[in-house]
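Novice: got a predicted structure here, sequence first:
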Amino acid sequence: MKTLNGKPSTDLHGTLVVPGDKSISHRGIMLGAISEGTTHLSHFLTSADCLSTLAAFQQLGVHIERDGQDVTIHGVGLHGLKPSAQPLDMGNSGTTTRLISGLLAGQSFTSTLIGDASLSKRPMKRVSVPLSEMGANIETTDGHLPMTITGSPLHSVTYQLQVASAQVKSALILAALQADKPSTLVEQLPTRDHTERMLTQFGGDIATAADGVTITVQPQPHLTGQTMTVPGDMSSAAFFMVAASLVPNSKITLKDVGLNKTRTGLLNILQRMGGKVSIDAAPTDGEPIGDLTIETADLHPINIGAADIPAVIDELPLVALLAAKADGISRITGAEELRVKETDRIAAIVQEFTKLGINIEELPDGFVIDGRMPWHVTDNQLDAHDDHRIGMVLGVAGLLVDKPVQLAGADSVRISYPEFFDDLNTLLPKE
Ligand code: S3P
């Protein structure tokens, strides 16, 4: 149980380098493993989720060394993975599970995937159904983990994705690498494109058409190990962007944050709401990065719908928090995917924000929030719902309340940002 604040904070100041990007860290291990030669990753995210990916590939016979945030992967090539005697434990990580499924579907051995209680409730048919269309042999447990994948020769597909999900898209890309002919994937809406960018960097042949949603993947590449620095995770930076915007008299700088356009939804929304953000972009060959300086601002309400969601999918709890301090009524819709994240994030946000006296109404696919009323804590026992992003958003909300509140499950932050509360503390005024 963690005690949060007790009096409204002021004056967040300082500079932070946020941990490496979670999506890119996962993909770095996976693409490094199936490449020939050595991959070096620096600023790798050493959180529980990315360590689940690292451990799974070690179990599949890949030699991986880690020294803090520096990781060296000795690639075995697309056909060099070995079966694991034990089930592969995905922990809490949906990204590990979905992406590895696409890779294992085309291998010459059988694998079993297991996960923790939260992951075992999350839908897996979204990957098993399209992979089966490619010839994969996958048995889920009623659409969930445990899941057994018996590797089979895969054939190419033309597939229209049923959900806007980069995890599903990436699973199909990793399967398409092992297919007999080129595959075409058509997204509903553009989602994060790290797999496409990184696959190109590692020597694969993948192209996105001018419509932004039609992706063609060429099979059987010889990928080559790469050296890369993982950018700071925009999804982690976002917690401090919101904290500095809402806590009076604040000004902070976040260094080397990933600014890939498929990830900057929160930045755009904050600016549309009247947030004060300045961006100092750095020139790079790979993923765009830059320094962000954020100052306290008076915020206006916002309406966002389905087309806005993919670029802000992991930051929607923070959009809700911004809305809870804006001078009007905000509507967030088209976000039903939040119901199948680490917890049902719509229900969790509504339940926890209501305890803080925030005026929030639940919709099937989002929420309506009136930020005009002052908050009043009605229940000081908050719960992270075993979900890292709910834990962190409540950590930021805790800076804005007028009584001490307790947070159960604060250690859930280990999933994507183990040092979150320590880093937040460095921004607070020294007593
Ligand atoms: C991720 C994609 C997103 C996101 C998750 C990471 C990825 O999930 O929520 O945290 O790395 O591909 P969906 O694509 O399923 O929405």
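Specialist: All right, it came through fine.

Novice: in the stretch 101-250 of the chain, which spans are helices?
Specialist: 125-133, 166-176, 194-201, 234-246 (DSSP state H, counting those that start in this stretch).

Novice: dump these to TSV, plus mean pLDDT, mean neighbour count and distance to L145.
Specialist: Yep, even glycine has a C-beta here, placed from its N, CA and C like the rest. Output for the helices of the stretch 101-250 of the chain, formatted as TSV (pLDDT from 0 to 100; neighbours: other Cβ atoms under 10 Å; distance: least, Cβ to Cβ, whole Å):
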stretch	mean pLDDT	mean neighbour count	distance to L145
helix 125-133	98	20	11
helix 166-176	98	26	14
helix 194-201	98	21	22
helix 234-246	98	27	24
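
Novice: dump these into TSV; add distance to A324 as well.
Specialist: Output for the helices of the stretch 101-250 of the chain, formatted as TSV (distance: least, Cβ to Cβ, whole Å):
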stretch	distance to A324
helix 125-133	31
helix 166-176	28
helix 194-201	31
helix 234-246	9
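
Novice: out of these, which gets nearest to the ligand?
Specialist: helix 166-176 (3.7 Å; Cβ to the nearest ligand atom).

Novice: do stretch 415-422 and the ligand meet?
Specialist: No. Counting by Cβ under 6 Å from any ligand atom, the ligand is not contacted by stretch 415-422; separation bottoms out at 7.9 Å.

Novice: mind listing what's buried along that stretch?
Specialist: Under the neighbour-count criterion of 16 or more other Cβ atoms under 10 Å, stretch 415-422 has I415, S416, Y417, P418, E419, F420, F421 buried.

Novice: how is the protein divided into domains?
Specialist: 2-20+232-426, 22-215 (automatic domain parsing).

Novice: picking that back up, would you format the buried residues of stretch 415-422 as TSV with secondary structure included?
Specialist: Shown next, in TSV, are the buried residues of stretch 415-422 (DSSP: H, G, I helix; E, B strand; the rest coil):
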residue	secondary structure
I415	helix
S416	coil
Y417	coil
P418	coil
E419	coil
F420	helix
F421	helix
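
Novice: closest to the ligand among those residues?
Specialist: S416 (7.9 Å).

Novice: so the closest one is in contact with R389, correct?
Specialist: Yes. The criterion here is Cβ atoms under 8 Å, and S416 meets it with R389 at 7.4 Å.

Novice: hmm, back to that, export the helices of the stretch 101-250 of the chain to CSV and tack on distance to the ligand?
Specialist: What follows is the helices of the stretch 101-250 of the chain, written out as CSV (distance: least, Cβ to the nearest ligand atom, whole Å):
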stretch, distance to the ligand
helix 125-133, 8
helix 166-176, 4
helix 194-201, 7
helix 234-246, 7
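
Novice: wait, K82 sits on L60?
Specialist: Yes. At 6.1 Å, K82 counts as touching L60 under the criterion of Cβ under 8 Å.

Novice: neighbour-wise, which of the two wins?
Specialist: Between K82 and L60, counting by other Cβ atoms under 10 Å, L60 is the more crowded of the two (22 against 13).

Novice: does that one touch A33 like I think?
Specialist: Yes. With contact defined as Cβ under 8 Å, L60 counts as touching A33 (7.3 Å).

Novice: can you pull the residues that touch both of these two?
Specialist: L81 (Cβ atoms under 8 Å, 6 or more residues apart in numbering).

Novice: apart from its neighbours in sequence, what residue is nearest the closest residue to the ligand within the chain?
Specialist: In the chain, the residue found nearest to the ligand is S23; the distance is 3.2 Å by Cβ to the nearest ligand atom. Excluding its sequence neighbours, the residue lying closest to S23 (Cβ to Cβ, 6 or more residues apart in numbering) is H194, at 5.1 Å.

Novice: what strands line up against the helix or strand of the chain with the lowest mean pLDDT, and which way round?
Specialist: Least confident helix or strand, the chain: strand 2-4 with a mean of 87, by mean pLDDT, DSSP states H and E. Looking at strand 2-4 with DSSP bridges, its partner strands are strand 405-408 (antiparallel).

Novice: pull out the buried residues from the strand it pairs with.
Specialist: Buried, per 16+ other Cβ under 10 Å, within strand 405-408: V405, L407, A408.

Novice: which residue, other than its chain neighbours, is closest to the last one?
Specialist: With Cβ to Cβ, 6+ apart as the criterion, A408 has its nearest non-adjacent residue at 4.8 Å, and that residue is D383.

Novice: so which bits of the protein are right by the ligand?
Specialist: S23, T95, S165, A166, Q167, S170, T191, R192, I313, D314, E337.

Novice: just after the host helix or strand of the first one, pick out the following helix or strand.
Specialist: What that stands for is S23. Element membership for S23 (DSSP states H and E) is helix 22-33. Note on helix 22-33: by DSSP H and E, the next helix or strand toward the C-terminus is strand 36-42.

Novice: in the stretch 251-400 of the chain, which spans are strands?
Specialist: 251-258, 276-282, 289-295, 303-304, 329-332, 359-363, 366-370, 381-383 (DSSP state E, counting those that start in this stretch).

Novice: can you put the ones you listed in JSON lines and add mean pLDDT and mean neighbour count?
Specialist: Shown next, in JSON lines, are the strands of the stretch 251-400 of the chain (pLDDT from 0 to 100; neighbours: other Cβ atoms under 10 Å):
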{"stretch": "strand 251-258", "mean pLDDT": "98", "mean neighbour count": "21"}
{"stretch": "strand 276-282", "mean pLDDT": "96", "mean neighbour count": "13"}
{"stretch": "strand 289-295", "mean pLDDT": "98", "mean neighbour count": "20"}
{"stretch": "strand 303-304", "mean pLDDT": "98", "mean neighbour count": "18"}
{"stretch": "strand 329-332", "mean pLDDT": "98", "mean neighbour count": "21"}
{"stretch": "strand 359-363", "mean pLDDT": "98", "mean neighbour count": "16"}
{"stretch": "strand 366-370", "mean pLDDT": "98", "mean neighbour count": "22"}
{"stretch": "strand 381-383", "mean pLDDT": "98", "mean neighbour count": "20"}
